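Engineer: Below are the sequence and a predicted model for it; my questions follow.
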2 protein chains.
Amino acid sequence: MNVQTRSTAQRASYHTDPNNQLLSAMCEVYDLRLSQVAHADAALDARNALQRASARRIIFREHDLHDDVPVICDGWAASVVMLSDGRRQILSFLLPGDMVSTVLLFDPRPNCVIEAITDVKYRMFKRADLKEAMLKHADVFEQISKAWIEEKHRADQLIVDLGRRTADERIARLILNLSERLAERGVTTKKEPMEMEFPLRQHHIADATGLTPVHVSKVLSEFRRNGLVKISDRSLAILDPTGFRRVAHMR
Amino acid sequence: MNVQTRSTAQRASYHTDPNNQLLSAMCEVYDLRLSQVAHADAALDARNALQRASARRIIFREHDLHDDVPVICDGWAASVVMLSDGRRQILSFLLPGDMVSTVLLFDPRPNCVIEAITDVKYRMFKRADLKEAMLKHADVFEQISKAWIEEKHRADQLIVDLGRRTADERIARLILNLSERLAERGVTTKKEPMEMEFPLRQHHIADATGLTPVHVSKVLSEFRRNGLVKISDRSLAILDPTGFRRVAHMR
DNA sequence: CGGTGTCTTGAATACCATCAAGTCTTGTGG
DNA sequence: CCACAAGACTTGATGGTATTCAAGACACCG
């Protein structure tokens, strides 16, 4: 059974996403720039070579200054705020194709750490290049605006979840949001049972929902007992989407 | 005593803020545009006339489409998300000089309601004008980027507060944040005792911190008993800034 | 093979919500 | 101007949700 599970779970990668217009617009800009240059490939590699970080490593430290904006190409990462007493809060999960934050286009000093959840591949784009491209190419401007809207919308939703929703709702909504984002990227299906690659540990869910790992465990067990989800072997299936959406108060 | 309190509490208005570069950059753009036009004043009035809303009125409804971006000129407002079962979450308080949201520059469909807390004066700026100005005038672009950074930073902070902080911390931090924002605008002093106009009802604090009004009342009473703050007559004084910052975990 | 990380489960506890009653203020229409 | 209603705040009693503490099972890795 697990074998089947593994084989149907697709590997997340921005390459599989035909709709990732932001990244393709950005790459196009690089191509435009580089078409005027000899040895374009070499120049591209030098400027935004593919980088790698293994699971649980920090890609991007807080309060460092950066001239680059990372874009996740493969794997999952998270933006995390850490408090001095050890409390942690995940601001967002970064999936393949996501720019770490549109704020980094304007502010070299991030206010959070970027942590790899799985092994991650990412590219660095020069902030200066992107700002220039944004002003010169309408489609880049458009795509960055879109990313901006999306980013703020997700932050606002999280505020509501953390401020006004119960543990059950928060966890169910997190899972549904992730599944929708993956579906948009074409790395998972919308067919039932909705099944997806799910590399999050329970402590990631806890840090994203403002709960403790212990309580996350209890809620997930409850979901399983009620036949809502099945979690095994780093993959997750939503067995009863209707019931699950009802728990999440999402129609 | 209250009389003195009233007299020292200054009235919030963007006119008192010499540092509001966003609004002045925007107005400058209008002046630039209008300098090419006869009857400039009339045109300015027509395009972004000062509007008014009295306390507890809704300025901006969710899911309406808008061609305009409101900027608060006088008074306090809030962006509020309302859930179907009556739960409410305030995403941010809007003070004089604040653009409602930079997202509205790109997305005509807001995901929250704007509610006046006090009587409010505001101006509507045409989205199309602002986008155009953003591309043509570097300083407008700069100021809008700054507003975006600030807006996202505050949203991220709120996520951490709601996810990982206790009621005491949340409330203390809210008050300190507001006091700092007012101080930046020059509508309050940084001298001790830090005193400011404070038109929020306890239910506003509750909706902003994800708590119940009852609990807010209890925490504020505790603060008062410990000599941290004094609240009377729609004004608030931080009597012991050091102790208060300690409660808020802010140095 | 011990060490570390992950998950589960139960018991005790803390924090905040809910319920309820009462005071005081504010606003409004007769 | 008064009467009454509605809103704002306080306080105490009670309850529920999530945390903390603790112990154990299991998998993975050097």
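Structural biologist: That came in fine, so what should we check first?
Engineer: Show the residue spans covered by the strands in the stretch 101-250 of chain A.
Structural biologist: Remark: strands assigned in the stretch 101-250 of chain A by DSSP state E, counting those that start in this stretch are A:113-116, A:120-126, A:194-197, A:229-232, A:235-238.
Engineer: what does the stretch 51-200 of chain A put close to DNA strand C?
Structural biologist: Residues of the stretch 51-200 of chain A found near DNA strand C (Cβ under 7 Å from any atom of the strand) are residue A:56. Yep, even glycine has a C-beta here, placed from its N, CA and C like the rest.
Engineer: For residue A:50, grab phi and psi.
Structural biologist: phi -70, psi 130 (degrees, to the nearest 10).
Engineer: on that earlier part again, check the strands of the stretch 101-250 of chain A for me and report the most buried one.
Structural biologist: strand A:113-116 (a mean of 22; mean count of other Cβ atoms under 10 Å in any protein chain shown).
Engineer: hmm, that strand touching chain B?
Structural biologist: No - using Cβ under 8 Å from any Cβ of the partner chain, we find that strand A:113-116 stays clear of chain B, coming within 12.2 Å at best.
Engineer: wouldn't residue A:156 be in contact with residue B:91 here?
Structural biologist: Yes - applying Cβ atoms under 8 Å as the test, residue A:156 and residue B:91 come out as touching, 5.5 Å apart.
Engineer: quick one: which of these two has more around it?
Structural biologist: The neighbour comparison of residue A:156 against residue B:91 (other Cβ atoms under 10 Å in any protein chain shown) goes to residue B:91, with 26 against 22.
Engineer: Confirm that the more buried one sits in a strand.
Structural biologist: Yes - per DSSP: H, G, I helix; E, B strand; the rest coil, residue B:91 lies within a strand segment.
Engineer: Run through the residues that contact it.
Structural biologist: By Cβ atoms under 8 Å, 6 or more residues apart in numbering or on different chains, the contact list for residue B:91 reads A:156, A:159-160, B:78-81, B:112, B:155, B:158.
Engineer: quick one: which of those has the most company?
Structural biologist: Highest neighbour count within those: residue B:158, with 27 neighbours (other Cβ under 10 Å).
Engineer: Give the burial count for the residue in the stretch 1-150 of chain A that DNA strand D sits nearest to, as a bare number.
Structural biologist: Nearest to DNA strand D in the stretch 1-150 of chain A, going by Cβ to the nearest atom of the strand, is residue A:87, at a distance of 8.5 Å. Neighbourhood size, residue A:87 [other Cβ under 10 Å]: 15.
Engineer: Which residue comes closest to it once chain neighbours are left out?
Structural biologist: residue B:164 (4.4 Å; Cβ to Cβ, 6 or more residues apart in numbering or on different chains).
Engineer: List the buried residues of stretch A:158-169.
Structural biologist: For stretch A:158-169, burial by neighbour count (16 or more other Cβ atoms under 10 Å in any protein chain shown) applies to A:158-165, A:167, A:169.
Engineer: ok, and of the residues you listed, which contact DNA strand D?
Structural biologist: Contacts with DNA strand D within the buried residues of stretch A:158-169, counted by Cβ under 7 Å from any atom of the strand: residue A:167.
Engineer: what about residue A:174, neighbour count?
Structural biologist: Neighbourhood size, residue A:174 [other Cβ under 10 Å]: 21.
Engineer: So it versus DNA strand C, what's the distance?
Structural biologist: According to Cβ to the nearest atom of the strand, to the nearest Å, residue A:174 and DNA strand C sit 14 Å apart.
Engineer: who touches that residue in this structure?
Structural biologist: Residues near residue A:174 by Cβ under 8 Å, 6+ apart: A:161, A:205, A:208-209.
Engineer: ok, now with 10 Å
Structural biologist: Neighbouring residues of residue A:174 by Cβ atoms under 10 Å, 6 or more residues apart in numbering or on different chains: A:90, A:93, A:158, A:161, A:200, A:204-205, A:208-209, A:216, A:248.
Engineer: all helices for chain A, in order.
Structural biologist: Ranges of helices in chain A, per DSSP state H, are A:2-8, A:21-35, A:40-48, A:127-136, A:138-164, A:167-184, A:202-209, A:213-225, A:241-248.
Engineer: So, low pLDDT: which residues of chain A?
Structural biologist: The model of chain A has pLDDT under 70 over residues A:1-48, A:189-192, A:251.
Engineer: Using the record's assignment, carve it into domains.
Structural biologist: Per automatic domain parsing, the structural domains of chain A span A:12-162, A:166-248.
Engineer: In CSV, list the ones you listed along with distance to residue B:116.
Structural biologist: CSV is the format used below for the domains of chain A (distance: least, Cβ to Cβ, whole Å):
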stretch, distance to residue B:116
domain A:12-162, 20
domain A:166-248, 30
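Engineer: So for residue B:238, which of these sits nearest?
Structural biologist: Among the domains of chain A, the nearest to residue B:238 by Cβ to Cβ is domain A:12-162 (22.4 Å).
Engineer: what's the neighbour count on the closest residue to residue A:247 other than its chain neighbours?
Structural biologist: Excluding the flanking residues, the one nearest residue A:247 by Cβ to Cβ, 6+ apart is residue A:172, at 4.5 Å. Using other Cβ under 10 Å, residue A:172 has 26 other residues around it.
Engineer: Rebuild the strands of the stretch 101-250 of chain A as TSV, extending it with distance to DNA strand D.
Structural biologist: Listed next are the strands of the stretch 101-250 of chain A as TSV, based on distance: least, Cβ to the nearest atom of the strand, whole Å:
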stretch	distance to DNA strand D
strand A:113-116	16
strand A:120-126	17
strand A:194-197	16
strand A:229-232	11
strand A:235-238	13
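Engineer: In stretch A:181-189, which residues are buried?
Structural biologist: For stretch A:181-189, the neighbour count (16+ other Cβ under 10 Å) marks A:181-182, A:185, A:187-188 as buried.
Engineer: Return the residues of the stretch 101-250 of chain A in contact with DNA strand D.
Structural biologist: So far as Cβ under 7 Å from any atom of the strand goes, the stretch 101-250 of chain A lies against DNA strand D at A:166-168, A:210-212, A:214-215, A:218.
Engineer: From residue A:224, how far off is residue A:232?
Structural biologist: Note on residue A:232: its distance to residue A:224, by Cβ to Cβ, to the nearest Å, is 10 Å.
Engineer: how far does stretch A:172-190 sit from the chain's center?
Structural biologist: 11 Å (Cα atoms, centre = their mean, to the nearest Å).
Engineer: quick one on the thing from earlier: so which of the buried residues of stretch A:181-189 is the closest to residue B:144?
Structural biologist: Of these, the one sitting nearest to residue B:144 (Cβ to Cβ) turns out to be residue A:181, at 27.1 Å.
Engineer: Now for the nearest residue to that closest one once chain neighbours are set aside, how many residues are close by?
Structural biologist: With sequence-adjacent residues excluded and distances taken as Cβ to Cβ, 6+ apart, residue A:181 is closest to residue A:95, at 5.8 Å. For residue A:95, the count of nearby residues is 21 (other Cβ under 10 Å).
Engineer: I appreciate the help and will end here.
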